[in-house]
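[1] How does the following fold in three dimensions:
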Amino acid sequence: MIGSRRFGLLISVARQFALVLLLATLVVSCGEKQPQGAPPPPTVTVANPVKRTLFDYDEYVGRFTAVDSVEIRARESGYLDSIDFKDGQMVKQGDLLFTIDKRPFQNALDQARANLEQAKSNVIYTKADLDRGQQLVRDKTITDQTFEQRAQAYRNAQASVSANEAAVRQAELDLEYTELHAPVSGRIGDRRVSPGNLVTGGTTGNTTLLATIVSIDPIRFEFTFDESSYLRYERIAKQGHDVASRGVGVQVALKLIDEHDYDHEGRMDFIDNVIDRSTGTIRGRAQFANTAGLLTPGMFARIRVPASPPYEGLLVPDSAVGTEQARKFLLVVGPDNVVAQKYVTIGQVTSDGLRAIKEGLGPNDRVVVNGLMRARAGQKVTPQEQGAAPPPAAAAPKK
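    Here you go, the predicted model:
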């Protein structure tokens, strides 16, 4: 009985030992490296930089202002009779805007004309009296003193005619001032006084404001720039290059707050003659066409001003520029298809999304523009020219 138990135990141990040997054999066979082919170099897209004549630009924020801004005030006092425009409409120079009650001014004109006729009649009488006196003084019928009195009366009558003619012209002018016409073309604001109200006119400061008109086309844009920029512009101008200096007429571009591109083109027309002592800035002004009336006085916008003379520059896609701390770099592919890293000095981005490279890049360099994540400095790659067909797929290795 005991012998049979020992025999069974030996058989169990033998089975376990065989199982351990089988597992060890499997582990060893799985850990062996199988021969594999080396992966092909990654494919990247390369392109040569684009040559183009470039400018550097400065950008500033400013506001639009009207070329002409006029407050409509009456020159004569009276009751407002009618309003001949709609609030906010476009008006042309000479359009009738307001009318003041004309009746008192018409009466004053009629009276002035009557006084003129009376003065003219007095001239006729005194002239005839003077002519008679000439014969009488020769005949010694009247004294010389009497003759001089008649001559004086005639001269006074002539002066009275001149004074009354001036009074008539003034009365006619006062009557004309009862109609207020638009002095400039533009957009008028809302009326400040309703018909029936008394309007105070004249040339003093307490006259009644009736409305305002601002011109729309063309329109000006005012902005300020710092003293260092002003000095840079002036020095560049003295070298014969016309940027944002006092040589006005420089072309500038502008975009509104909801626009992405600088689509509005204009020209500089004024640089102030003093630098503000409190801010250290100087005021500049540009003028833009505004045929559609989109640009409105008081509106904010961003202006782009040339900040350098023209130069021949190289352009690459902005996405190809990498950053290493404070330095910018590009990945270029050499003749041996090995990637190299070039540190560059960048400029501004153009409207078509290209980045200007000022230093560190050659015109014949093949810049990696696509596949940047697959390329590293010192690594061999398969370059594909931008726009070229992809290379044929490699044949599968034979087993």
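[2] Give me the contact list for stretch 68-78.
    97-98, 100-101, 104-105, 174, 177-178, 180, 183-184, 186, 188, 198-203, 207-215, 297 (CB atoms under 8 Å, 6 or more residues apart in numbering). In this view, the C-beta of every residue, glycine as well, is placed from N, C-alpha and C.
[3] let's see 6 Å
    For stretch 68-78, the surrounding residues in contact (CB atoms under 6 Å, 6 or more residues apart in numbering) are 100-101, 174, 177, 183-184, 199-201, 207, 209-215.
[4] which ones are touching P39?
    P39 touches nothing, counting by CB under 6 Å, 6+ apart.
[5] same check, this time on the one 10 residues further on
    Shown in contact with P49 (CB under 6 Å, 6+ apart): L314, V316.
[6] For it, give its distance to R327.
    The spacing between P49 and R327, counted by CB to CB, to the nearest Å, is 19 Å.
[7] For burial, what's the neighbour tally of the closest residue to K102 other than its chain neighbours?
    Spatial nearest neighbour of K102, excluding adjacent residues (CB to CB, 6 or more residues apart in numbering): T178 at 4.7 Å. For T178, the neighbour count with other CB atoms under 10 Å is 21.
[8] Could you verify my assumption that T178 touches I100?
    Yes. T178 lies in contact with I100 (CB atoms under 6 Å); the separation is 4.2 Å.
[9] Okay, strands next: where are they in the stretch 251-399 of the chain?
    251-256, 264-271, 281-288, 300-306, 311-317, 322-324, 327-333, 339-349, 354-359, 366-370, 382-385 (DSSP state E, counting those that start in this stretch).
[10] of all the ones you listed, which lies closest to E59?
    strand 300-306 (5.3 Å; CB to CB).
[11] mean confidence score for that closest one?
    Average pLDDT, strand 300-306: 91.
[12] what packs against it?
    Other elements packing on strand 300-306 under the criterion 3 or more CB pairs under 6 Å, 6 or more residues apart in numbering; DSSP states H and E are strand 57-66, strand 251-256.
[13] For N115, which of those strands is the nearest?
    Per CB to CB, nearest to N115 of these: strand 57-66, 44.7 Å.
[14] Okay, the most centrally placed residue in the chain and M268: tell me how far apart.
    Taking CA atoms, centre = their mean, the centroid of the chain lies closest to L254, which sits 4.0 Å from it. From L254 over to M268 the distance is 12 Å, taken as CB to CB.
[15] and if you look at A167?
    A167 is 51 Å from M268, by CB to CB.
[16] Same drill for the two, tell me which one is more crowded.
    M268 (24 against 18).
[17] And the helices in this protein?
    2-31, 103-138, 144-176, 227-238 (DSSP state H).
[18] tell me the mean pLDDT over the second one?
    I take that to be helix 103-138. Mean predicted confidence for helix 103-138 is 89.
[19] what does the last one give?
    pLDDT averaged over helix 227-238 equals 84, rounded to a whole number.
[20] what comes up buried for it?
    S229, Y230, R232, Y233, I236, A237 (16 or more other CB atoms under 10 Å).
[21] Out of the residues you listed, the closest to D131 would be?
    Of all the buried residues of helix 227-238, the one with the least separation from D131 (CB to CB) is A237, at 76.8 Å.
[22] Roughly how far does that closest one sit from P41?
    52 Å.
[23] now swap in A253 and tell me
    44 Å.
[24] what about these two, which has more around it?
    Remark: of A253 and P41, A253 carries more neighbours, 20 against 16, as counted by other CB under 10 Å.
[25] Ignoring the adjacent residues along the chain, who's closest to that one?
    Y262 (3.6 Å).
[26] for the one you found, phi and psi?
    With angles defined as degrees, to the nearest 10, Y262 sits at phi -90, psi 80.
[27] Run a quick neighbour tally on it.
    18.
[28] remind me which residues of this protein are low pLDDT?
    1-38, 139, 239-248, 387-399 (pLDDT under 70).
[29] and it, what are its domains?
    44-54+311-385, 57-67+216-306, 102-176 (automatic domain parsing).
[30] Figure out how far the last one is from the centre of its chain.
    Taking the mean of its C-alpha atoms, domain 102-176 sits 63 Å from the chain's own mean (CA atoms, centre = their mean, to the nearest Å).
[31] Of the buried residues of helix 227-238, which is the nearest to L315?
    Using CB to CB, the buried residues of helix 227-238 come closest to L315 at I236, 22.3 Å.
[32] Dump the buried residues of helix 227-238 to a markdown table, plus distance to T323.
    Listed next are the buried residues of helix 227-238 as a markdown table, based on distance: CB to CB, whole Å:
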| residue | distance to T323 |
| --- | --- |
| S229 | 26 |
| Y230 | 32 |
| R232 | 27 |
| Y233 | 30 |
| I236 | 30 |
| A237 | 35 |
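[33] Alright, calling it a day.
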